[in-house]
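J.: generate coordinates for the sequence data below:
(one chain, ligands or ions: 1)
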Amino acid sequence: MNIPLLDLKAQYRAIGSAIDQAVLEVLKSQQFIMGPKVQECESAIAAYSQCAHAVGVSSGTDALLLCLMAEGIGPGDEVITTPYTFFATAGAVARTGATPVFVDIDPISYNIRTSDIEARISPRTRAMIPVHLYGQMADLGPILDLAERHKLIVIEDAAQAIGAEDQGWRAGSRGHYGCFSFFPSKNLGAAGDAGMVVTQDAERAMRLQRLRVHGAHPKYYHEVIGGNFRLDAIQAAVVTVKLRHLDAWTEARQQNAARYDKFFREYGLPVADTSHPANQRRGGSSPVAPPGEGEPQIFLPKVTTDRHIFNQYVIRTARRDALREALQKCGVSTEIYYPVPMHKQQCFAYLGHQTGDFPESEAAAAESLALPIYPELIEAQARFVVQSIRECWDTLA
Ligand SMILES: *Cc1c(COP(=O)(O)O)cnc(C)c1O
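T.: The predicted model follows:
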């Protein structure tokens, strides 16, 4: 059985005619830049993420960059974020001329370890970018408290977390800004690159709207320097159609996650108990097997918030590389998010970090493996994935 990591063709088979029609409407209108489709998409995303304003932009990366620009963040400033994320988070900070300052992750949630943040705040710190990794929100309560006390801006990198919830709040709705990506592999994907910034603040929304059209206000008059960061009308039309299906897709992803959890136990695989006190530590240790159990364990994702949207279902094991290879032979595609944490990227060598600086991020990079979790994945496929793991597990080094 061949199981891809993501099957966008299955999604298109289900809703293709509505997508085609939405794209055709834009073609027939010949209104490609801004206009009603972009506005419709912005209103829909604002409502969905419980925000007052939404500003369509060209990508998730540009969403992050634009928020930093809107706050005038640049050379001499520091922005706190996690080293265990997609490159864009740290890349956007560096592109403004500001310095990314990393704080290690919590090994259970893979999100920034909030208890370590305050020690990294300096007089130069201007903002924090918590990343809601894999579809589960970072612990925003303590982050927002710190922001208030130290007068910092919070930009939620919600690229993987549209519709995720924690303590009744939707991703993107509590920070000064929330950034979404509609990259095709995200839970809500466009037919190309696209993104959105949400905010509760009308003044900030206005700044973003100006910056995405070169800072022009009115047209041809520039008080500030922006860029071309617009959301394409065709992409907006596609995203608006797909948004209607997002909750059903999220439920299907959650169902698949529950199936995996069940199958791992049903097939007698050595699933680690993340509720074990040894795995609840927040003091710098990786998830470890309960004492007395020598065999390598498999750590399943732990839901620590109200609504995990499972952009990825990521397991963890010391046998990761061998397992990935064995699964590939069975026809099961997997991916490593992310093999190299940001502090070990060559382009960030100037920050002067070394191996060992962020041990949890390094351990996660060495042990994490994403399994197929897309909504159209059926029960028999999920079973086949776990069955395949069962068959090879004892032979893995
Ligand atoms: C995908 C992603 C981005 C960037 O989004 P693009 O639309 O690809 O530019 C930023 N941050 C995280 C965490 C992401 O997963």
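
J.: can you list the residues of the stretch 1-150 of the chain near the ligand?
T.: When proximity is defined by Cβ under 6 Å from any ligand atom, the stretch 1-150 of the chain lies next to the ligand at 59, 60, 61, 85, 86, 88, 89, 131. C-beta: built from backbone N, CA, C; applies to glycine.

J.: helix/strand/coil for the third one?
T.: On the three-state scheme (DSSP: H, G, I helix; E, B strand; the rest coil), residue 61 is labelled helix.

J.: repeat that for the fourth one.
T.: Three-state secondary structure (criterion: three-state DSSP) places residue 85 in coil.

J.: surely it is in contact with residue 132?
T.: No. With contacts counted by Cβ atoms under 8 Å, residue 85 stays clear of residue 132, the gap being 9.9 Å.

J.: what is in contact with the two at once?
T.: Applying Cβ atoms under 8 Å, 6 or more residues apart in numbering, one finds that residue 85 and residue 132 are jointly contacted by residue 157.

J.: which one of the residues of the stretch 1-150 of the chain next to the ligand sits closest to the ligand?
T.: residue 60 (2.4 Å; Cβ to the nearest ligand atom).

J.: and that closest one, how many neighbours?
T.: Applying other Cβ atoms under 10 Å, we find 27 other residues in the vicinity of residue 60.

J.: give me the nearest residue to it, chain neighbours excluded.
T.: Closest residue in space to residue 60, ignoring its immediate chain neighbours: residue 181 at 2.5 Å, by Cβ to Cβ, 6 or more residues apart in numbering.

J.: dump the residue contacts of that neighbour.
T.: By Cβ under 8 Å, 6+ apart, the contact set of residue 181 is 59, 60, 61, 63, 159, 160, 194, 195.

J.: run the last query once more with 6 Å
T.: 60, 159, 195 (Cβ atoms under 6 Å, 6 or more residues apart in numbering).

J.: what separates it from the ligand, distance-wise?
T.: Distance of residue 181 to the ligand, computed by Cβ to the nearest ligand atom, to the nearest Å: 3 Å.

J.: can you give the contact residues for the helix or strand encompassing residue 383?
T.: For residue 383, the element it lies in under DSSP states H and E is helix 379-393. With Cβ under 6 Å, 6+ apart as the test, helix 379-393 has contacts from 1, 3, 256, 259-260, 263-264, 267, 326-327, 330, 332, 371.

J.: just the buried ones out of these, please.
T.: 3, 256, 259, 260, 263, 264, 326, 327, 330, 332, 371 (16 or more other Cβ atoms under 10 Å).

J.: circling back to that earlier point, switch the contacts of residue 181 over to CSV; also include distance to residue 173 and pLDDT.
T.: What follows is those, written out as CSV (distance: Cβ to Cβ, whole Å; pLDDT from 0 to 100):
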residue, distance to residue 173, pLDDT
60, 17, 98
159, 15, 98
195, 17, 98
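
J.: for residue 307, state which of those is nearest.
T.: For the contacts of residue 181, the residue nearest residue 307 by Cβ to Cβ is residue 159; the value is 16.5 Å.

J.: how about the closest one, secondary structure?
T.: Reduced to three states by three-state DSSP, residue 159 is coil.

J.: on that earlier part again, name whatever forms a beta bridge with the residue nearest to residue 60.
T.: Judged by DSSP bridges, the bridge partners of residue 181 are residue 195.
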